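Q: for reference, the sequence and a predicted model appear below.
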Amino acid sequence: MNSAVAGDISILIEKQKLGERIFKIAATLAVLISLGTLTALVVDAFIDGFPRLNWKFLTSFPSRKPQEAGILAALFGSFYVIILTALSAVPIGLGAAIYLEEYAKKNRFSRFIELNVSNLAGVPSIIYGLLGLDLFVRLMGLGRSLLAGALTLALLVLPIIIISAREAIRTVPLSIREAAYALGATRWQMIKDHVVPLSLPGVLTGVILSVSRAIGETAPLITMGALTYVAFIPNGPLSPFTVLPIQIFNWVSRPQKGFHACAAAGIVVLLVVTLFLNALAIFLRNHYQRKISARSL
Amino acid sequence: MNTIMDKTQNIKKIVLPGIETMNKITTNPEHFVLSVQDLSAWYGTAQVLKNISFNIQRHQVTAIIGPSGCGKSTLIRCFNRMNDFMPVFRTTGSILLEGQDLYSSNIDPVEVRLKIGMVFQKQNPFPKSIYENVVYGPRVLGIKNKKKLDQVVEDSLKRAALWDEVNHKLKSNALSLSGGQQQRLCIARALANEPEVLLLDEPCSALDPIATAKIEELIQELKRNYTIVIVTHNMQQAARVSDYTAYLLLGSLIEFGETKAVFTTPSRKETEDYITGRFG
């Protein structure tokens, strides 16, 4: 009887081992597929775009001749749009997160708001473009300007910033809040002196990740009417503009082969900018977290 | 309303015969700082404190002991209104600080916390420099004068017996200190506000015996200038450091009196069972 049971167990173990091996292979394959796609994309863009990637490409305006076309206007456009987006989205997002976490009473209404903030994060970006077109371009009369584009993108990234800021605020330990209150701090003093500084790394990570999403957005900006051919550097917030993805889109849709190389080179530039922003996010988060996590020792 | 009060008085007389004798110890109001009068507290519908009355003597150490869940932390947190942040929390009865009810509607809880400092179970320095930790209270009050703040830091750290260990590194992060030093920093930080009463909520429960001994020694020093209330689940600690002891069980004050008397000749069976370790 004993040996019979032992025999059964060894068969069962064999079966489990087989299952484990299959699962391991499947998981590895999944990683390879996703990494492989990314690698293929990057390599392809590099091969096509590398001949065009030089200082002249970065410092020239678009042109009708592919050899002379450059990305300067789009680079500056993206840079300005992102700065204006961050400047308008961060204070509003952080403020909303502070309200929801620290002031709002936990009731049905606040849960309704929370649910809708999460829903907003999932709204297709082109819808934000339509909203931007109506609200900023037409109603507020900002025209097809940098500012209107930045405000549109700010709306787009606001839910992401609010959600990540709320998560960051929630990680501020109760013990620190109590310590501040016990020393006679008011709620506002507690928030300003402890909650905001301690949640900053998390907020920053959210901001940079959402900004690196915004930098690649094309649909809302095309919808609200960003230009596709800009041969000047924007000279103010009300100036017309273009951004990197729109410039790339424009080149891809041209019939000439030479412009396709320009598009590939533009993709490389955009990838580098995005990866740089992501790296910055990771660096900032680790840097500040190391400062704070010593608390738990 | 009156009849209800009378009824609770009557119930108290039946259930807690000791309470009348308790109050005799502290009849001279000049000697006590805090006076708890018929205090009850609820979390939602659960009553956690039941008709508690006792007085806390000036410049003495009062220990609150009792098994887990008896309401001792809730009670000490009532003294500086730290329970206010829980929306379902409410109290009846009163706590008088020198005759003024801490729970009356015209009292700002922030003011209460400035007069009654608190140190928590787990040391919780801010992740800032030692200096910034100590000056936080005065800063919150708007004191900006550098000389004044420097003086506060030195005085407070000296009173908390930490000055000699840290005076050469005031600018370094408070989190680099040992657990015991961090807890003494938290005491120094509370003292910087010049409170009248210092509440200690199980201040040694996260510390090793040596750090605990240092804090206990410090409590003896501090009672010359401050009134101290300490919550502890360690009865030996209560016996060592306190002058008065309150024993809580299931939200009721079972016994209150001089520590020596409570520990040697408890008047109630429940107290005896607890302090002899038969239960708890």
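A: Arrived safely, thanks for sending.

Q: when you work out contacts or count neighbours from here on, use the C-alpha atoms and nothing else.
A: Fine.

Q: secondary structure element for residue 261, which one?
A: No chain specified, so I'll use chain A. helix A:257-293 (DSSP states H and E).

Q: my bad, chain B
A: helix B:259-264.

Q: contacting residues around that helix?
A: B:Ala238, B:Ala239, B:Ser242, B:Asp243, B:Tyr244, B:Thr245, B:Glu255, B:Phe256, B:Thr271, B:Glu272, B:Ile275 (Cα atoms under 8 Å, 6 or more residues apart in numbering or on different chains).

Q: how about 6 Å then?
A: With contacts defined as Cα atoms under 6 Å, 6 or more residues apart in numbering or on different chains, helix B:259-264 is touched by B:Asp243, B:Tyr244, B:Thr245.

Q: list the beta-bridge partners for the last one.
A: I take that to be B:Thr245. B:Ala63, B:Gly257 (DSSP bridges).

Q: just after the helix holding B:Ala261, pick out the following helix or strand.
A: With DSSP H and E, the next secondary element past helix B:259-264 is helix B:269-275.

Q: thinking again about what came up before, chain center to the helix holding B:Ala261, what's the gap?
A: 20 Å (Cα atoms, centre = their mean, to the nearest Å).

Q: which helix or strand contains the residue lying closest to A:Arg177 once chain neighbours are set aside?
A: Of all residues not flanking A:Arg177 in the chain, A:Met190 sits nearest, at 6.7 Å (Cα to Cα, 6 or more residues apart in numbering or on different chains). Using DSSP H and E, the element containing A:Met190 is helix A:187-190.

Q: same check on B:Leu199?
A: strand B:197-201.

Q: what strands flank that strand, and is each parallel or antiparallel?
A: Strand B:197-201 has these strand partners (DSSP bridges): strand B:116-119 (parallel), strand B:227-231 (parallel).

Q: the helix or strand that comes right after the shortest one near chain A at all?
A: Right, the one you point to is strand B:116-119. Counting by DSSP H and E, the element after strand B:116-119 in chain order, helix or strand, is helix B:130-140. Yes: with Cα under 6 Å from any Cα of the partner chain as the criterion, chain A is reached by helix B:130-140 at B:Gly137, B:Val140.

Q: and helix B:130-140, which residues are buried?
A: B:Ile130, B:Tyr131, B:Glu132, B:Asn133, B:Val134, B:Val135, B:Tyr136, B:Gly137, B:Pro138, B:Val140 (16 or more other Cα atoms under 10 Å in any protein chain shown).

Q: redo the residues you listed as CSV? Include pLDDT.
A: Below are the buried residues of helix B:130-140 laid out as CSV (pLDDT from 0 to 100):
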residue, pLDDT
B:Ile130, 95
B:Tyr131, 95
B:Glu132, 94
B:Asn133, 95
B:Val134, 95
B:Val135, 95
B:Tyr136, 95
B:Gly137, 93
B:Pro138, 94
B:Val140, 91
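
Q: would you turn those into CSV with distance to A:Pro159?
A: Shown next, in CSV, are the buried residues of helix B:130-140 (distance: Cα to Cα, whole Å):
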residue, distance to A:Pro159
B:Ile130, 38
B:Tyr131, 38
B:Glu132, 35
B:Asn133, 35
B:Val134, 38
B:Val135, 37
B:Tyr136, 34
B:Gly137, 36
B:Pro138, 38
B:Val140, 33
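
Q: closest one of those to B:Ile210?
A: B:Ile130 (21.8 Å; Cα to Cα).

Q: could you measure from the closest one over to chain A?
A: From B:Ile130 across to chain A, the span is 13 Å (Cα to the nearest Cα, to the nearest Å).

Q: cool, B:Gln181 as well?
A: Distance from B:Gln181 to chain A, by Cα to the nearest Cα: 13 Å.

Q: how many neighbours does the residue nearest to that residue when sequence neighbours are not counted have?
A: The shortest distance from B:Gln181 to any non-neighbouring residue, by Cα to Cα, 6+ apart, is to B:Leu162 (7.1 Å). Other residues lying near B:Leu162 total 18 when counted by other Cα atoms under 10 Å in any protein chain shown.

Q: could you do B:Asp164 as well?
A: With other Cα under 10 Å as criterion, B:Asp164 counts 10.

Q: mind telling me what element it is part of?
A: helix B:163-166.

Q: now stretch A:64-78: mean pLDDT?
A: Averaging pLDDT along stretch A:64-78 gives 83.

Q: and it, how far apart are its ends?
A: Distance across stretch A:64-78, first residue to last, is 21 Å (Cα to Cα, to the nearest Å).

Q: quick one: distance of that stretch to the chain centre.
A: 24 Å.

Q: could you list the buried residues of the helix holding B:Ala261?
A: B:Thr259, B:Val262, B:Phe263.

Q: in TSV, list those along with pLDDT.
A: Formatted as TSV, the buried residues of helix B:259-264 follow (pLDDT from 0 to 100):
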residue	pLDDT
B:Thr259	92
B:Val262	88
B:Phe263	88
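
Q: quick check, nearest of these to B:Val61?
A: B:Thr259 (9.7 Å).

Q: are we agreed that B:Ser40 is in a strand?
A: Yes: when classified by DSSP: H, G, I helix; E, B strand; the rest coil, B:Ser40 is found to be part of a strand.

Q: ok, it touching B:Ala46?
A: No: in this structure, B:Ser40 is not within contact of B:Ala46 by Cα atoms under 6 Å, at 10.9 Å.

Q: mind checking how far A:Leu227 is from A:Leu131?
A: A:Leu227 is 18 Å from A:Leu131, by Cα to Cα.

Q: residues from the stretch 151-280 of chain B in reach of chain A?
A: B:Leu175.

Q: okay, and for the stretch 151-280 of chain B, where does confidence drop off?
A: Within the stretch 151-280 of chain B, the segments meeting pLDDT under 70 span B:278-280.

Q: now it against chain A: closest residue?
A: B:Leu175 (5.7 Å; Cα to the nearest Cα).

Q: could you look up the SS state of that residue?
A: B:Leu175 ends up helix, using three-state DSSP.

Q: try B:Leu96
A: Secondary structure of B:Leu96, per three-state DSSP, is strand.

Q: spit out the contact partners of the residue nearest to it when sequence neighbours are not counted.
A: The spatial neighbour of B:Leu96 that comes closest, neighbours along the chain excluded (Cα to Cα, 6+ apart), is B:Ser35 at 4.9 Å. By Cα under 6 Å, 6+ apart, the contact list for B:Ser35 reads B:Asn55, B:Ile95, B:Leu96.

Q: what strand or helix carries the nearest residue to the first one once chain neighbours are set aside?
A: Same thing as B:Asn55. Spatial nearest neighbour of B:Asn55, excluding adjacent residues (Cα to Cα, 6+ apart): B:Ser35 at 4.4 Å. Following DSSP H and E, one finds B:Ser35 within strand B:32-43.
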